[in-house]
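>>> structure here, sequence nowhere to be found:
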């Protein structure tokens, strides 16, 4: 089966991966994203995949499906595919947690890659996921987004991608399903355990979120000086909401315009038929 990643042109230049942040969503990753940029890295995060257009969203969707659906017929990504996909980046944030064992193992073999894993109380993590990411999943099947998405391909692909990524970590369940929270919690605990056992201990920084996350932990591990700028903290759910609005607002506006134009056209046709009679 021809894959989206195979159709991606070979990059002219290739950045070397330096840091993989294996943390799950809602584990301080938005702060880490901003922090890594301050430190001079070029990080690849879910936001980068979405803002880079439909090709990157297709590749991410393909990578997730290949990892989690063995009946899909899609060959799982190896290091060569990751290098091609992430050729412009030297830091991979959060997305490895959706890609499972493969993404961690291919980089664990590279002695030049360091890892950061933040983790938190599993119950608090589940609550945070259901208060943020789950809202996007619900949005995909609720009015008016279930109509508008058919009038903007990027909006449709974004919502579809969020559904697939949610199903990957919840065993195909949806927010509100009776066993959704239990499956999320179990998979989170298992993933953190797997990551701790798989990542090389001499190249991995483990940070329990409740004990604090800042320059003091990150910079010595990366052999970098602490910046004068404050560590990018803040209301993580609010950051998530603002990023979501930044991405969706223009797509929704375009979709509404198309719906409006279609409605005017339909009204004109109905009017013409009525007048002709």
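Done, it's in. Because the structure is predicted, anything quoted here is derived from the model rather than measured.
>>> so what's residue 204 scoring on pLDDT?
What the model reports as pLDDT for residue 204 is 99.
>>> that one: neighbour count?
Neighbour count for residue 204, taken as other Cβ atoms under 10 Å: 18. Where you see a C-beta, it was placed from the backbone N, CA and C, and this is true even at glycine.
>>> need phi/psi at it.
phi -130, psi 130 (degrees, to the nearest 10).
>>> need the phi and psi values for the nearest residue to it once chain neighbours are set aside.
Of all residues not flanking residue 204 in the chain, residue 115 sits nearest, at 4.3 Å (Cβ to Cβ, 6 or more residues apart in numbering). Dihedral angles of residue 115 (phi, psi; degrees, to the nearest 10) stand at phi -130, psi 140.
>>> beta-bridge partners for residue 115, please?
residue 20, residue 204 (DSSP bridges).
>>> quick check, it in contact with residue 19.
Yes - the criterion here is Cβ atoms under 8 Å, and residue 115 meets it with residue 19 at 7.4 Å.
>>> any idea how far the closest residue to residue 236 other than its chain neighbours is from residue 224?
Once flanking residues are discounted, residue 236 sits nearest to residue 30: 5.8 Å by Cβ to Cβ, 6+ apart. Counting by Cβ to Cβ, to the nearest Å, the gap from residue 30 to residue 224 is 20 Å.
>>> just residue 56 next, same as before
Counting by Cβ to Cβ, the gap from residue 56 to residue 224 is 28 Å.
>>> between these two, point out the one with more neighbours.
residue 56 (18 against 13).
>>> please report how far the residue positioned nearest the centre of the chain lies from residue 60.
With distances taken as Cα atoms, centre = their mean, the residue of the chain nearest its centroid is residue 46 (3.2 Å). Plainly put, residue 46 is 8 Å away from residue 60 if you go by Cβ to Cβ.
>>> name the helix or strand of the protein that has the lowest mean pLDDT.
helix 236-276 (a mean of 66; mean pLDDT, DSSP states H and E).
>>> mind listing the helices for the stretch 1-150 of the chain?
Using DSSP state H, counting those that start in this stretch, the helices of the stretch 1-150 of the chain run over 4-7, 29-38, 46-51, 54-68, 79-85, 96-99, 101-108, 122-131, 133-141, 145-148.
>>> what mean pLDDT does the first one have?
Translated: helix 4-7. For helix 4-7, the per-residue pLDDT averages 97.
>>> repeat for the longest one
Computed over helix 54-68, the mean pLDDT rounds to 96.
>>> quick one, it and helix 101-108 angle?
Inter-element angle recorded for helix 54-68 and helix 101-108: 100 degrees (by axes from the mean of the first three to the mean of the last three Cα atoms, to 10 degrees).
>>> please name every helix or strand in contact with helix 54-68.
For helix 54-68, the packing partners by 3 or more Cβ pairs under 8 Å, 6 or more residues apart in numbering; DSSP states H and E come out as helix 4-7, helix 46-51, helix 79-85, helix 96-99, helix 101-108, helix 153-170.
>>> swap in the first one?
For helix 4-7, the packing partners by 3+ Cβ pairs under 8 Å, 6+ apart come out as helix 54-68, helix 79-85.
>>> what's next to it, contact-wise?
55, 58-59, 62-63, 77, 81, 84-85 (Cβ atoms under 8 Å, 6 or more residues apart in numbering).
>>> need the buried ones from those residues selected in ChimeraX.
The buried residues among these can be selected in ChimeraX (16 or more other Cβ atoms under 10 Å) with this line:
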select :58,59,62,63,77,81,84,85
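>>> off-centre distance for stretch 89-99?
The chain centre lies 8 Å from the centre of stretch 89-99; the measure is Cα atoms, centre = their mean, to the nearest Å.
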